[in-house]
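> Sequence first, then the predicted structure:
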Amino acid sequence: DGQYCTVNNKCDDKGSCGGSQPRTCSDDVAKCKLGTCDETTNKCGFKSASNGANCDDGNKCTQSDKCDAKGVCKGGSLKLCSSDQCNDGICDSKTGSCGLAPKKAGTKCNDSNLCTQLDTCSKGKCIGSDTKSCAGDACNNGVCQAKTGLCTKQPKKDGTACTDGQSCTKPDLCKSGKCLPGPWTCQCQTSKDCDDKNQCTKDTCSIGKCFNLPSFASSCSDGDSCTTGDSCKTGVCKGSPKNCDDKNACTADSCAKGICQNKALSGFKCSDGNACTFNDKCSSLGKCAGTSVLCNDGKSCTDDKCVGGVCKYTNDNKNFCSDGNPCTLSDYCSSGKCYGGKSKACSDSTKCTSNYCDAKTGLCASSAAYNGSTCENGAYSVCDNKSCKCRVWTAKTSNSGTTYLRGIAPTSDGGSIAVGYESVSGNGYDSIMIRRDKYGVQKWKVYVKPTKNNELLYKVTRLKNSNEFMAVGYRYYNSTYGNVGWVVRFDINGKILSEATILLYKNAQAHNIVWDGGSYVYVTGEYSLNGYSTPYVRKYEVTGKYLKQRVVTTFGSKKSSYSRGITYGGGYVYIGGYTTATKYGGSYDGFITKLDTNLTEKATYKYGSSGTDYFYGLIYNGGYIWAAGMRYLSSTKTSNDGWLVKISSTGYAYVNKSFARSAGKSETDRLYSLAPYGSGVIAVGDSYDSVNKKIRGWVLRVSSSATTTYTNLAFGSTSYTTLLYDVVSVSGSSYYGVAGYTSNSSEGTMTHMHNTGNDWCTIKIIKPPVLPGF
């Protein structure tokens, strides 16, 4: 910018040079001069600092130096340095460091020694003199203690000569501050000094010497309690040894403290005087004993005995014996021989084993037998390995909310898989899948993609690969589409293999599914179009791949139709449900629509009355299509009756029949699902029990002409509501699986039943117990 005294100039966005910073010029603090920039000379110069400005006078021992009014740096207060009693503190002006300078010699001080009485300084140190004097003795020197000023004694060197005042000890010497006497040089002073503690001597002192001459006293004590008759002999007291012999060869005899000791001589050879023993030895108890001669002829039915050193054997039929076979009981002796008693009985109380006694161990054992045969637990029990198990049972699904099981499919091992949904607090319904074996034991329970919205599964079918299954239902998608149809493929272990959604105009649902026995499956349901329900059919590969779809439009616009059942047979797909596009003047007609495998509509057949008619389930059996549902007939006195229709592939109704479980009573009866039974069918549903005021599960079995061969209201207690939604064959025409619901704990139910509806099986492994009659 053309100025010497500015630096770091920059161009601004208007093209001008500005934003400058002033040039920094160094101060001369010692001379009270401040650095300044001179624009005329283009150099740094100085100007006088103001009065009282900080400066440095060059003396490190002055503090807070200030410039005066004349521009001279004046030193402040001097730095204080600590001193002691013999040194003055001084400051080095060059470094500012503190040091010490010795005070004048002779300056009084205190060396902290209480034994010195005159202390003065010398060369910066306090020196004490005129030490206090302390008295000593022959073995100690007097010493003054510096900390207290008190006199104490300090032992002289050990071995220093001293005297103890006794003339008979020489030489006396100091040790540890004490005068110890030397050796005694005189033997005695009186006769008492000559006592040798011997009862058999006379002790005297003569001219400082002792004399101990033998005496002949008649009695004395030699101090040994194991001698007797002690007397003095030649100045010594002696006695005779005490006799401790116990006449036992197996003891060592001795005396200790006047008491006889007879210690056992364990292991020493001896003789016990018995001819029927050998290798006689002394025992640890001091007894002589030998090893008995063993007389054993190896026969448990003889008495074996040694007599006079010779073995003798005598038959004894009272002896206990063993024939060597652990599987015989009460073995007995006869004429010196052992004979086996009765054989051991083995039974484990089941008809499913072959029981026997193991000849090696004598324990009862069993092997599996009669697999597949009826056993002790009832007409519908069966042998499985070694156990008698039930083939008829009802299992409740434990849960925290309300559970509904809506569909069921058989597994290859005779068990079944059920699907449905379970309520979750605040989160609607979560879909579930459950697998049980043929005896009702739960293998697994899976929740499929649970969210905070509804996910429901309605039906399930087994696929071409018997270890794979496909289920259908619906789940919430978003606010635009609402619900969408849902297809889930999974394996026999509950692992999800694939998923698909059915995204139609509004609120699509998938209600049923059928496998064609080959490579394809067909799904049906309905969706909302302009406020009316419209059926559809979809085709998938068994791998879950979507192929095509058909919206069923045969019912016309502004009519609601609901597809609930689907079946396959004779190369065609059939769906069934109910529609407001009625033919007979009622509120709803039941309908069946026939489509080819390309989903081309071939025909739609309607069945009904002037009342209300519904189809819920379809099945193809023996070349005919069977439909199950409910209808209202004003000609009967019931509210609604169960309804079965059997038609040909061209729609001709061979059977069109209502079933009222209790004729003449105002009860609602419904049939939801079908399974083949010979050329007839087994149908399940529910019926209102007007006596007990509860809805109860209903089973109906009919012949090919729809003649009732069995009907029962067995499912559910009279205290609870029970609903049956689906039935499937799990073992030919013998056993059937049923999925449903009970209000007892609000749980889903799975049931395996016999085609007779009977349940005579005394072991029920599932809870709650199967109810009488099923």
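Happy to help now that I have it. Given the structure is predicted, the values throughout are model-derived calculations rather than measurements. Numbering: from 1, shown residues only.
> low-confidence ranges in the stretch 201-350 of the chain?
In the prediction, the stretch 201-350 of the chain carries residues with pLDDT under 70 at positions 217-218.
> Walking through it, point out its strands one by one.
For the stretch 201-350 of the chain, applying DSSP state E, counting those that start in this stretch gives strands covering 201-206, 209-214, 227-233, 236-241, 251-256, 259-264, 277-282, 288-292, 302-307, 310-315, 332-334, 337-339.
> Mind putting those into CSV with mean neighbour count and distance to Gly96?
For glycine as for every other residue, the C-beta is placed from the backbone atoms N, C-alpha and C. As requested, the strands of the stretch 201-350 of the chain are exported to CSV (neighbours: other Cβ atoms under 10 Å; distance: least, Cβ to Cβ, whole Å):
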stretch, mean neighbour count, distance to Gly96
strand 201-206, 15, 93
strand 209-214, 13, 92
strand 227-233, 14, 102
strand 236-241, 14, 101
strand 251-256, 14, 95
strand 259-264, 14, 98
strand 277-282, 15, 105
strand 288-292, 15, 109
strand 302-307, 14, 120
strand 310-315, 12, 122
strand 332-334, 15, 123
strand 337-339, 15, 121
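> Output those strands in CSV; the columns should cover distance to Tyr632.
Compiled in CSV, these are given as follows (distance: least, Cβ to Cβ, whole Å):
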stretch, distance to Tyr632
strand 201-206, 147
strand 209-214, 148
strand 227-233, 133
strand 236-241, 132
strand 251-256, 118
strand 259-264, 112
strand 277-282, 110
strand 288-292, 105
strand 302-307, 97
strand 310-315, 97
strand 332-334, 85
strand 337-339, 85
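> Nearest to Cys5, out of the ones you listed?
strand 251-256 (123.8 Å; Cβ to Cβ).
> counting contacts, what elements does the closest one pack onto?
Here strand 251-256 touches strand 259-264, going by 3 or more Cβ pairs under 8 Å, 6 or more residues apart in numbering; DSSP states H and E.
> Could you check the angle the strand it packs on makes with strand 277-282?
150 degrees (axes from the mean of the first three to the mean of the last three Cα atoms, to 10 degrees).
> residues near Ser519, how many?
12 (other Cβ atoms under 10 Å).
> who's in contact with it?
Listed by Cβ atoms under 8 Å, 6 or more residues apart in numbering, the contact set of Ser519 reads 464, 541-542.
> quick check, nearest of those to Lys31?
Using Cβ to Cβ, these come closest to Lys31 at Glu541, 102.4 Å.
> For the closest one, give its distance to Ala471.
Using Cβ to Cβ, to the nearest Å, we find Glu541 at a distance of 16 Å from Ala471.
> Wait, Asn110 touches Cys126, no?
Yes - counting by Cβ atoms under 8 Å, Asn110 touches Cys126, with 6.6 Å between them.
> Comparing the two, which shows the higher neighbour count?
A direct count of neighbours by other Cβ under 10 Å for Asn110 and Cys126 places Cys126 higher, at 19 against 11.
> what does the model give that one for pLDDT?
pLDDT recorded at Cys126 is 92.
> Please, which helix or strand holds it?
Assigned by DSSP states H and E, Cys126 belongs to strand 125-131.
> before we move on, the earlier item: strands - which of the contacts of Ser519 land there?
In strands, judged by DSSP state E, the following of the contacts of Ser519 are found: Glu541.
> mind listing what's buried in stretch 402-417?
402-411, 414-417 (16 or more other Cβ atoms under 10 Å).
> Ignore what I typed, I meant stretch 55-67.
Residues of stretch 55-67 classed as buried by neighbour count (16+ other Cβ under 10 Å): 55, 57, 59, 61-62, 65-67.
> I'd assumed Cys67 was in contact with Gly76.
No - contact criterion Cβ under 8 Å: Gly76 and Cys67 do not qualify, at 11.7 Å.
> check which helix or strand covers the closest residue in space to Leu497 that isn't next to it in sequence.
Using Cβ to Cβ, 6 or more residues apart in numbering and skipping the chain neighbours, the partner closest in space to Leu497 is Arg489 (4.6 Å). Using DSSP H and E, Arg489 falls within strand 482-491.
> which one of the contacts of Ser519 has the most neighbours?
For the contacts of Ser519, the largest number of neighbours (other Cβ under 10 Å) sits with Val542, at 18 neighbours.
> next one: phi and psi at that residue?
The phi/psi pair for Val542 (degrees, to the nearest 10) reads phi -70, psi -10.
> contacting residues around it?
By Cβ under 8 Å, 6+ apart, the neighbours of Val542 are 463-465, 468, 470, 515, 519-521.
> Going by neighbour count, which of those residues are buried?
Taking 16+ other Cβ under 10 Å as the criterion, what is buried in those is 463, 468, 470, 515, 520-521.
> Which single one of those residues is nearest to Lys202?
Nearest to Lys202 among those, with distances taken as Cβ to Cβ, is Glu468, at 127.9 Å.
> Relative to Lys548, how far out is the closest one?
22 Å.
> Same question for Gly89.
110 Å.
> what about those two, which has more around it?
Gly89 (14 against 11).
> Give me the contacts around the host helix or strand of the more buried one.
Using DSSP H and E, the element containing Gly89 is strand 87-91. Contacts to strand 87-91, defined as Cβ under 8 Å, 6+ apart, come from residues 60-61, 78-83, 97-103, 124.
> same thing but 10 Å
Taking contacts as Cβ atoms under 10 Å, 6 or more residues apart in numbering, the residues outside strand 87-91 that touch it are 59-62, 78-83, 97-103, 121, 123-125.
> what helices or strands is the next helix or strand after that strand leaning on?
For strand 87-91, the following helix or strand on the C-terminal side (DSSP H and E) is strand 98-102. Secondary-structure packing of strand 98-102 (3 or more Cβ pairs under 10 Å, 6 or more residues apart in numbering; DSSP states H and E): strand 87-91.
> buried ones in the strand it packs on?
Quick answer for strand 87-91 (16+ other Cβ under 10 Å): 87, 91.
> got the angle between it and strand 125-131?
Put simply, strand 87-91 runs at 180 degrees to strand 125-131, going by the same axes, to 10 degrees.
> chain center to strand 87-91, what's the gap?
Computed by Cα atoms, centre = their mean, to the nearest Å, the chain-centroid distance of strand 87-91 equals 77 Å.
> could you list every residue that touches Asp68?
32, 51-53, 55, 74.
> Kindly recompute the last result at 7 Å.
Applying Cβ atoms under 7 Å, 6 or more residues apart in numbering, one finds that Asp68 lies in contact with 51, 74.
> again with Gly556
By Cβ under 7 Å, 6+ apart, Gly556 lies in contact with Ala581.
> do the one 4 residues further on as well
Under the criterion of Cβ under 7 Å, 6+ apart, the contact list for Ser560 reads 532-533, 580.
> Pull up the gap between the residue nearest to Ser387 when sequence neighbours are not counted and His752, please.
Of all residues not flanking Ser387 in the chain, Cys352 sits nearest, at 6.1 Å (Cβ to Cβ, 6+ apart). Distance from Cys352 to His752, counting by Cβ to Cβ: 19 Å.
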